[in-house]
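In: Sequence first, predicted coordinates after that:
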Amino acid sequence: MTTSTQASPGRLTTALGYLNWVVNPFQRLGVVGVYDLLSTGSPTEQGLYLNLGYWPDATNLDSACDALAMLVADRAGMGPGDRVLDVGYGFGDQDLLWARESGPEHIIGLNVTASQVTVARQRIEKAGLADRIDLRQGSATQMPIPDASVDKVVAVECAFHFDTREAFFREAWRVLRPGGRLVTADILPMPRVSGGWARLRQRLSWWMVASKFAIPEANAYTRPTYHSLLALRGFEEIRVESIRDQVYAPLHAYLQQHPQTVRRLHPVARLAARFALRFDARGVYSGLDYVLASATKPG
């Protein structure tokens, strides 16, 4: 009885927090607030990923999340001898994967959410990788990292949160060695379409994500501006390509076909997800682009 009584207020507080976040159109949590609320409630079966996955060959959400992390690593050319800076590392899933599959010499992680840092560090210790993976609490826009000290800077589905993404580009340039590479998997608004209804649907799609997932207005620009900001910072070999067709629609279809994955979410988030899954993916994600971006600091 005592355990049940003590646990109940915490569950109620979390449920009310979710309800306020999901339903209240005026509720805008900051980045830390969003991820403290989501906590370890990942819909994946094996890990604690919170990304949307990359789906060309994936058979489930876990393999899609791994595939997205490996797509970023491969685009970065991550390999033995590299010093990697992973910004926004979540619970460290991708770092564990990269240490196993790509074999960089050292990974440093920066993350502003203390609750994620604690769990991620515990997982790294348990895996026996604390000598190779150093996960810290810190900001992407004010990195506690020396100049020209890393070979790769990567950000898996998090740069849209940074206030601002342009400040992150500046810091990435500073900490990269000459010849180093920046790679992001990132969410942007789609270019405006013609037609009143289509444009309204597009705006609503973007607003729902931007307002609930703490995307600053300063980051609401499309692929050409993304490319220009990297070029203005001094980066070369810039690629900003949309991979949205390999992210949103296949994820949507998978969740429609595998309701047990949705059941792993918090009950309030589960209701919101089930509501969205009643609609066609083209409408739900009409305002959302998803890019794989890469750039090189001249050597």
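Out: Ah, there it is. What you see is a predicted model; the values in this text were computed from it and never measured.
In: I'd guessed residue 29 sits against residue 21; true?
Out: Yes. Between residue 29 and residue 21 there is a contact at 6.0 Å, judged by Cβ atoms under 8 Å. Placement of C-beta: from N, CA and C, glycine included.
In: Which residues are in contact with each of those two?
Out: Here residue 29 and residue 21 share the contacting residues 37, 212, scored by Cβ atoms under 8 Å, 6 or more residues apart in numbering.
In: how close does residue 195 get to residue 287?
Out: According to Cβ to Cβ, to the nearest Å, residue 195 and residue 287 sit 14 Å apart.
In: more neighbours, these two?
Out: residue 287 (23 against 9; other Cβ atoms under 10 Å).
In: Surely that one touches residue 198?
Out: No. With contacts counted by Cβ under 8 Å, residue 287 stays clear of residue 198, the gap being 10.1 Å.
In: Residue 265 belongs to a helix?
Out: No. Under the criterion used here (DSSP: H, G, I helix; E, B strand; the rest coil), residue 265 is coil, not part of a helix.
In: Pull the number of nearby residues for the residue nearest to it when sequence neighbours are not counted.
Out: Among residues not flanking residue 265 along the chain, residue 43 sits closest, at 5.6 Å (Cβ to Cβ, 6 or more residues apart in numbering). Using other Cβ under 10 Å, residue 43 is surrounded by 20 other residues.
In: shift numbering so it begins at 18
Out: Shifting the count to begin at 18 puts that one at residue 60.
In: For the stretch 68-217 of the chain, just list every one of the helices.
Out: In the stretch 68-217 of the chain, helices defined by DSSP state H, counting those that start in this stretch lie at 78-93, 110-118, 131-143, 182-192, 213-229, listed in chain order.
In: Do you have the strands of the protein handy? List them.
Out: For the chain, the strands defined by DSSP state E cover 100-104, 123-128, 150-154, 167-173, 193-206, 253-259, 305-313.
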